[in-house]
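Enquirer: Give me a 3D structure for the following:
(4 chains)
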There are 2 protein chains.
Amino acid sequence: MTPAEENYLKTIYHLGKVSNQAVTTNSIAEQMDTKPSSVTDMIKKLSEKGLVHYKKYQGVSMSDQGNKIALSIVRKHRLWEVFLMEKLNFAWDEVHDVAEQLEHVQSEKLIEKLDRHLGFPRFDPHGDPIPSKSGKVLQVEKVLLSACDTGDKGIFVGVNSSSTEFLQYLDKLNLVLGDRIEILFKESFDDSLQIKAKGQKVTLSGKAAMNIYIQIDEL
Amino acid sequence: MTPAEENYLKTIYHLGKVSNQAVTTNSIAEQMDTKPSSVTDMIKKLSEKGLVHYKKYQGVSMSDQGNKIALSIVRKHRLWEVFLMEKLNFAWDEVHDVAEQLEHVQSEKLIEKLDRHLGFPRFDPHGDPIPSKSGKVLQVEKVLLSACDTGDKGIFVGVNSSSTEFLQYLDKLNLVLGDRIEILFKESFDDSLQIKAKGQKVTLSGKAAMNIYIQIDEL
DNA sequence: ATATAATTTTAGTTGTATCTAAATTCATAT
DNA sequence: ATATGAATTTAGATACAACTAAAATTATAT
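Expert: Here you go, the predicted model:
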């Protein structure tokens, strides 16, 4: 597996996860900041290797074999993110780009030893689950803040974007993974939210609310 | 800088270090397990970038700029080797191949934070000095065992090969970096050596002696 | 001094991953 | 039902880094 192939598999995996249907050529190109024709080329290659299911003009989806590989890359990426934050004291908005490179280092032994060194973490610094060696992914019942209503309460368990700008924005708001959040008021006009976290009132734009996951309290 | 360019620079740096004269195309090809024609191509490229000095048929040598880059790669390689051994408990014969990949990860911040995390080590697990951020290399007065004579005493400070076979051979002999070594007898017939280390007598072949560095006791 | 051998370079090819521009197929709107 | 536009694929080109085979240069040996 080349880094390019791995990156395509990872992207197709992620896009397929959110949409739950065949992934389009254009969406892959946009996500990877490349051209649709390049995507078609690579899809053919992955298809011939049996890593994705593909029919011309009908989009792609992961094969079992491709899924396994994608999960192993996601596992590596997230373990490295934990390492960078926990051991090297990177800020959570800095880890993504470096992990993008580290995830392509080829060594089973390395990643298993890293996993042990980190104490077998189950979530990365952005709240995303770390797939197990065998490819199992813990699924937490999480909901986008934008899908919540006035009065809902829960715990901030994940973000929908790992962009530097967004993560630094959360830092400014003093919002940290694990914070207890209560929705005080939802403005239907622009979908902005008034929330309470750590005893403080905060206003979130609709866009921000679409990038924050909470785990709603059980009844 | 691509990984390929970095690997060439590193190889030319190492070969230039031992010979102290222009490095030949063939020696680079042999070292990198590639063909001389491929080497010529890359040398031209590096030369155009001003990273090496090159005249057709006359071999190459490092430019100041190339030297700086080579040293930064060596620095990364050796810091990762320390990390793999100290933090992840790799054996010293396993670290080289993984470090070969990790050294190409591009992030100044990563390597500085790794350096701090490791406590600013000055030597790697094979006894080689780790270049400083600014490119300074601690030079230890070390001598090949094969160049020593009966009666010489010193400390085992480095190896001349990082091959798995050789390092595991040393493990079998129970010889560890830092061991005090005394040369009991040098057989001039085949250059084999009788040495004493940790109170035990050991016989070393001439070939083994050419891969072990000791720092001879000061008078 | 010159023939022979070794080394190095050149020329042309291959595989990977990208691109642009053009052609094809699909979706949709009247 | 067909025209229009969007999405996708194909065809052909480029850059990188390797290769083989042949040519050019340097080293060496008689």
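Enquirer: Quick check: which ranges of chain A have low pLDDT?
Expert: Along chain A, the model assigns pLDDT under 70 to residues A:219.
Enquirer: Which residues of it lie near chain B?
Expert: A:84, A:87-90, A:94, A:97-98, A:101-102, A:105-107, A:109-110, A:113-114, A:117 (Cβ under 8 Å from any Cβ of the partner chain). (Each C-beta comes from the backbone N, C-alpha and C, glycine too.)
Enquirer: Try it again at 7 Å.
Expert: Applying Cβ under 7 Å from any Cβ of the partner chain, we find that chain A lies next to chain B at A:87-90, A:98, A:101-102, A:105-107, A:110, A:113-114, A:117.
Enquirer: which stretches of chain A form helices?
Expert: Applying DSSP state H to chain A gives helices spanning A:3-19, A:25-32, A:36-48, A:64-86, A:95-102, A:108-117, A:164-173, A:206-209.
Enquirer: Need the ones you listed in a markdown table (columns: distance to DNA strand D).
Expert: Output for the helices of chain A, formatted as a markdown table (distance: least, Cβ to the nearest atom of the strand, whole Å):
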| stretch | distance to DNA strand D |
| --- | --- |
| helix A:3-19 | 11 |
| helix A:25-32 | 3 |
| helix A:36-48 | 3 |
| helix A:64-86 | 16 |
| helix A:95-102 | 16 |
| helix A:108-117 | 23 |
| helix A:164-173 | 25 |
| helix A:206-209 | 22 |
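Enquirer: Can I get those helices in a markdown table including mean neighbour count and distance to residue B:131?
Expert: Shown next, in a markdown table, are the helices of chain A (neighbours: other Cβ atoms under 10 Å in any protein chain shown; distance: least, Cβ to Cβ, whole Å):
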| stretch | mean neighbour count | distance to residue B:131 |
| --- | --- | --- |
| helix A:3-19 | 18 | 27 |
| helix A:25-32 | 16 | 36 |
| helix A:36-48 | 16 | 38 |
| helix A:64-86 | 21 | 23 |
| helix A:95-102 | 20 | 21 |
| helix A:108-117 | 16 | 23 |
| helix A:164-173 | 15 | 31 |
| helix A:206-209 | 17 | 45 |
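Enquirer: quick one: which of the residues of chain A next to chain B is nearest residue A:207?
Expert: Checking these against residue A:207 by Cβ to Cβ gives residue A:90 as the nearest, at 25.5 Å.
Enquirer: hang on, the closest one packs against residue A:83?
Expert: No: between residue A:90 and residue A:83 there is no contact under Cβ atoms under 7 Å: 9.0 Å.
Enquirer: Distance to residue A:132 for the helices of chain A - can I get that in CSV?
Expert: Below are the helices of chain A laid out as CSV (distance: least, Cβ to Cβ, whole Å):
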stretch, distance to residue A:132
helix A:3-19, 16
helix A:25-32, 26
helix A:36-48, 24
helix A:64-86, 8
helix A:95-102, 18
helix A:108-117, 9
helix A:164-173, 26
helix A:206-209, 31
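Enquirer: follow-up on the earlier one: max pairwise distance over the residues of chain A next to chain B: which two?
Expert: The most widely separated members of those, counting by Cβ to Cβ, are A:89 and A:106 (26.7 Å).
Enquirer: List the residues that contact residue A:66.
Expert: A:9, A:46, A:51-52 (Cβ atoms under 7 Å, 6 or more residues apart in numbering or on different chains).
Enquirer: separation between the residue nearest to residue A:54 when sequence neighbours are not counted and chain B?
Expert: Closest residue to residue A:54 apart from its sequence neighbours, by Cβ to Cβ, 6 or more residues apart in numbering or on different chains: residue A:47 at 4.0 Å. In this view, residue A:47 and chain B are 28 Å apart by Cβ to the nearest Cβ, to the nearest Å.
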